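S.K.: turn this into a structure:
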Amino acid sequence: MSFKDKHRQDVEKILDVDAAMSGSLTFRDPVNLRINGKFEGTLETKGSLVIGPNAIVNAHLIGDEIIIAGRLKGDILAKQKLILLPSAVVEIKARTARLVVNEGAVFEGTCHMLKDHFSIDELAKYLEVELPLITEWASTGKVPALKDGESWKFERKAIDEWLAAGRIGNG
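M.R.: Residues are numbered from 1 along each chain as shown. Below is the predicted model of the structure:
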């Protein structure tokens, strides 16, 4: 096996879950995760998350790309894209940069489209932290920020890269 093949295996981490699970899961490294069974709780992942056609999920989901073919009830933050396949039945409150709803998918709920730039209030909601902490991070340079007159602006791409590097709160 060549170094290139070994590297490809290390990068393509796939986790296929075909069981009933509940709880809180966080994946810090990119992984392609597929849920085929039942899941209830909180799930945060980098990479793609697929909710299979037989899956029943009641959860708070955070991921880069989320693809839904099964049943889902909950909140979603899809940082890059949310895709609802024809077999999807969802009751969700979604925030995403891009939304694809295929014909046949059932979508009940709301969707808020993420902008290229965040205000300080939007960033606090996006990161799920208190507003004064965002202000402190921006003032001290711990978070990528641009001063716009008296207020702060935050580029979504820079924030996502900052988060991926694990620098939240560390500068």
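S.K.: which element, helix or strand, includes the spatially closest residue to residue 118 that is not a sequence neighbour?
M.R.: Among residues not flanking residue 118 along the chain, residue 154 sits closest, at 4.3 Å (Cβ to Cβ, 6 or more residues apart in numbering). C-betas here are computed from N, CA, C, even on glycine. Taking DSSP states H and E as the definition, residue 154 sits inside strand 151-155.
S.K.: how distant is that strand from the center of its chain?
M.R.: The chain centre lies 21 Å from the centre of strand 151-155; the measure is Cα atoms, centre = their mean, to the nearest Å.
S.K.: could you chop the chain up by domain?
M.R.: Following automatic domain parsing, the chain resolves into domains at 3-113, 117-164.
S.K.: now the ones you listed in CSV, with mean neighbour count and mean pLDDT?
M.R.: Output for those, formatted as CSV (neighbours: other Cβ atoms under 10 Å; pLDDT from 0 to 100):
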stretch, mean neighbour count, mean pLDDT
domain 3-113, 16, 87
domain 117-164, 15, 88
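S.K.: so what does the strand holding residue 154 touch, helix or strand wise?
M.R.: strand 117-118, helix 120-127, helix 131-140, strand 146-148 (3 or more Cβ pairs under 8 Å, 6 or more residues apart in numbering; DSSP states H and E).
S.K.: can you say which of the ones you listed is nearest to residue 28?
M.R.: helix 120-127 (15.8 Å; Cβ to Cβ).
S.K.: run the angle between that closest one and strand 151-155 for me.
M.R.: Orientation check (axes from the mean of the first three to the mean of the last three Cα atoms, to 10 degrees): helix 120-127 against strand 151-155 gives 40 degrees.
S.K.: neighbouring contacts of the helix or strand hosting residue 45?
M.R.: Secondary structure from DSSP H and E places residue 45 in strand 38-46. Counting contacts by Cβ atoms under 8 Å, 6 or more residues apart in numbering, the residues outside strand 38-46 that touch it are 17, 19-31, 33, 49, 55-64, 164.
S.K.: next: stretch 22-30.
M.R.: 11, 13, 15, 33, 39-47, 64, 166.
S.K.: repeat that for 7 Å
M.R.: The contact list for stretch 22-30 (Cβ atoms under 7 Å, 6 or more residues apart in numbering) reads 13, 33, 40, 41, 42, 43, 44, 45, 46, 47.
S.K.: which non-adjacent residue is nearest the last one?
M.R.: By the measure of Cβ to Cβ, 6+ apart, the closest residue to residue 47 outside its immediate chain neighbours is residue 30, 3.9 Å from it.
S.K.: would you mind measuring from the residue nearest to the spatial centre of the chain to residue 21?
M.R.: For the chain, residue 63 is the residue whose C-alpha lies nearest the centre (Cα atoms, centre = their mean; 2.3 Å). For residue 63, the distance to residue 21 (Cβ to Cβ, to the nearest Å) stands at 16 Å.
S.K.: I appreciate the help and will end here.
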